[in-house]
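Trainee: With the sequence up front, the predicted model follows.
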Amino acid sequence: MSLARVGQTGWVPYATALDGVRIGYQLSGEGQPLILLAGQSNNHTWWDPVRADFSSAYQTITLDWRGTGISDKPDEVYTTPGFAEDVVAVLDELGLPTAHVYGTSMGGRVAQWIAINHPDRVSKLILGCTSPGPAHGYERSSEIRRALADPVQGGRVLVDLMYTPQWVAANPPPYPVLGDRDMPPYAKGLHLVASNKHEAWDRLPDIIAPTLILHGSEDIFSPVANTKVLAERIPDSRVEIIQGARHAYFHECRAVASPLVLSFLGSS
């Protein structure tokens with residue numbers, strides 16, 4: 001295990017990517033490895049509310065994307081295929097030939113590239129609230145993009161896209177899916193460009209891992225219509241729509257979503 005000194009947090013485990021960038025990662029639980037991939041401009045804390053659902057049966061692995069958390073933050077071009085290579089570097093560091101891969105939002109875009117470019121490394125694939133890219137997928141509206149860019153109301157809009165008002169009323173903040181607050185502004189921009197330029201349409205039929213596609217029925221941040229597009233392109237795939245859920249379906253509707261994932265992973 002490689003260790004690095006990071007600020008006042010002490011020694012932390014990291015993997016070294018192909019270009020020398022250090023990628024911090026976290027382990028919890030025992031069993032078959034399950035790597036959990038967070039959304040754009042977020043670090044591993046994205047998974048904090050639900051990680052225990054999986055680490056009771058699997059060795060869960062999270063990581064901080066380059067540009068976030070304890071990972072290095074180079075000011076250079078980021079891409080979803082490049083993020084996928086960072087994930088493979090973590091698997092290599094841990095000596096894991098294969099793992100289940102569960103990616104949500106931008107993490108689902110990255111997960112597609114892991115399964116495409118490293119088919120031998122992925123046992124089963126779960127794609128949550130994600131899309132194949134803008135050329136053939138369904139993107140959020142220009143109105144939503146403008147609202148998110150508004151420095152006054154953008155934070156409130158993001159909460160509304162993630163969770164239903166009823167759930168927010170019963171569950172006060174902080175919410176772990178609203179971005180890494182310590183992320184440098186330049187890195188946020190690099191993440192946005194990487195996610196926006198994702199385009200895996202032509203290669204999706206190359207995915208050979210059994211695939212579960214999850215989405216909230218009320219998700220307009222990454223429209224639910226993307227499930228049909230992904231399922232039509234990925235050969236061995238099936239779709240589960242979680243009724244009433246928005247983008248953070250895995251958190252608000254964990255009582256439904258986590259059992260669906262565990263059942264899929266446990267099936268033959």
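Mentor: Perfect, thanks for sending it.
Trainee: Could you pull out the strands in the stretch 51-200 of the chain for me?
Mentor: Assignment of strands within the stretch 51-200 of the chain using DSSP state E, counting those that start in this stretch yields the ranges 59-63, 99-104, 122-128.
Trainee: winner for burial among these?
Mentor: Among the strands of the stretch 51-200 of the chain, the stretch with the highest mean neighbour count (mean count of other Cβ atoms under 10 Å) is strand 99-104, at a mean of 27. Where you see a C-beta, it was placed from the backbone N, CA and C, and this is true even at glycine.
Trainee: residues touching the residue nearest the centre of the chain, list them.
Mentor: The structure's the chain has its C-alpha centroid closest to Gly107; by Cα atoms, centre = their mean the separation is 2.5 Å. Neighbour list for Gly107: 36-39, 46, 128, 130 [criterion: Cβ atoms under 8 Å, 6 or more residues apart in numbering].
Trainee: repeat for Ile207
Mentor: 112, 115-116, 119, 125, 234-237.
Trainee: Which of these fall in helices?
Mentor: Using DSSP state H, 112, 115-116 are the members of the contacts of Ile207 that sit in helices.
Trainee: Save those as CSV, and put in distance to Asn196, pLDDT and neighbour count too.
Mentor: Below are the ones in helices among the contacts of Ile207 laid out as CSV (distance: Cβ to Cβ, whole Å; pLDDT from 0 to 100; neighbours: other Cβ atoms under 10 Å):
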residue, distance to Asn196, pLDDT, neighbour count
Gln112, 15, 98, 32
Ala115, 21, 98, 26
Ile116, 19, 98, 20
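Trainee: quick check: mean pLDDT across stretch 53-64?
Mentor: Mean pLDDT, stretch 53-64: 97.
Trainee: Not counting it itself, show me its contacts.
Mentor: By Cβ under 8 Å, 6+ apart, stretch 53-64 touches 15, 23-38, 43-44, 47, 51, 70-71, 86-87, 90-91, 94, 99-100, 254, 258, 261-262, 265.
Trainee: out of those, which are inside helices?
Mentor: Short answer: the contacts of stretch 53-64 in helices (DSSP H) are 51, 86-87, 90-91, 254, 258, 261-262, 265.
Trainee: Using JSON lines, lay out those residues together with distance to Asp182.
Mentor: Converted to JSON lines, those look like this (distance: Cβ to Cβ, whole Å):
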{"residue": "Arg51", "distance to Asp182": "20"}
{"residue": "Asp86", "distance to Asp182": "19"}
{"residue": "Val87", "distance to Asp182": "22"}
{"residue": "Val90", "distance to Asp182": "21"}
{"residue": "Leu91", "distance to Asp182": "26"}
{"residue": "Arg254", "distance to Asp182": "26"}
{"residue": "Ser258", "distance to Asp182": "28"}
{"residue": "Val261", "distance to Asp182": "29"}
{"residue": "Leu262", "distance to Asp182": "32"}
{"residue": "Leu265", "distance to Asp182": "32"}
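Trainee: ok, of the residues you listed, which one's closest to Leu190?
Mentor: Using Cβ to Cβ, the shortest approach to Leu190 within those belongs to Asp86, at 13.3 Å.
Trainee: What is the burial count for the closest one?
Mentor: 24 (other Cβ atoms under 10 Å).
Trainee: Check Val177 too.
Mentor: 25.
Trainee: Spit out the contact partners of Glu30.
Mentor: 58-59.
Trainee: any idea how far it lies from Gly266?
Mentor: 16 Å (Cβ to Cβ, to the nearest Å).
Trainee: again with Val110
Mentor: 24 Å.
Trainee: quick one: least confident helix or strand in this structure?
Mentor: strand 2-5 (a mean of 60; mean pLDDT, DSSP states H and E).
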